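Chemist: Using only what follows, build the 3D model:
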Amino acid sequence: MKLKRFLIFLMLAPSISISTPATVDATVKSPTFHGVKIHWEYGRTFFTYSYSIVQTGRFTHSATANSTFSGWKRPGVKAVAKQYVGWRSAVAYWNCR
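Modeler: Numbering: from 1, shown residues only. Presented below is the predicted three-dimensional model:
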């Protein structure tokens, strides 16, 4: 009986993890730069890609996901960086000037 439960668990575990939305491992923060809030979203998608999204209406800004740089974007334009990381750690940064 224990073996049967264990085998059922092994069959169901991957399907449960695949059906879990990728937004579970995402974070939205509003850091401030010179007193102005910045929209910053970062995390993992499909458990294998690291991403960073930054947007502000007043400053030139950029996003970095691991070693992928989005480039400097004008105010109001979304900066998006995405990189395949597999099972390694995901690191995200934002920058304004």
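Chemist: Please make it C-alpha for all contacts and neighbour counts, starting now.
Modeler: Fine.
Chemist: any idea whether the closest residue to residue 51 other than its chain neighbours is helix, strand or coil?
Modeler: Sequence neighbours aside, residue 82 is the residue nearest to residue 51 in space, at 4.3 Å (criterion: CA to CA, 6 or more residues apart in numbering). Following DSSP: H, G, I helix; E, B strand; the rest coil, the label given to residue 82 is strand.
Chemist: Please name the residues that touch residue 82.
Modeler: Shown in contact with residue 82 (CA atoms under 8 Å, 6 or more residues apart in numbering): 49, 50, 51, 52, 64, 65, 68.
Chemist: show me what contacts the third one?
Modeler: The neighbourhood of residue 51, defined by CA under 8 Å, 6+ apart, consists of 42, 43, 44, 45, 64, 65, 80, 81, 82, 83, 90, 92.
Chemist: Just list whatever residues bridge to the third one.
Modeler: For residue 44, the beta-bridge partners under DSSP bridges are residue 50.
Chemist: Near it, how many residues? Count them for me, please.
Modeler: Residue 44 has 26 neighbours, counted by other CA atoms under 10 Å.
Chemist: burial count for the nearest residue to residue 86 once chain neighbours are set aside?
Modeler: Nearest non-adjacent residue to residue 86, counting by CA to CA, 6+ apart: residue 48, 4.3 Å away. Residue 48: 16 surrounding residues under other CA under 10 Å.
Chemist: these two touch, right, residue 48 and residue 89?
Modeler: No: the pair residue 48 / residue 89 is not scored as a contact, 9.4 Å apart, by CA atoms under 8 Å.
Chemist: Now do the residue most central in space within the chain against residue 66, distance only.
Modeler: Nearest to the mean C-alpha position of the chain, counting by CA atoms, centre = their mean, stands residue 43 at 2.0 Å. Per CA to CA, to the nearest Å, residue 43 is found 11 Å from residue 66.
Chemist: doesn't residue 87 fall inside a helix?
Modeler: No: with three-state DSSP as the criterion, residue 87 is located in coil rather than a helix.
Chemist: In the chain, what helix or strand scores lowest on average pLDDT?
Modeler: Lowest mean confidence among the helices and strands of the chain (mean pLDDT, DSSP states H and E): helix 2-19, at a mean of 63.
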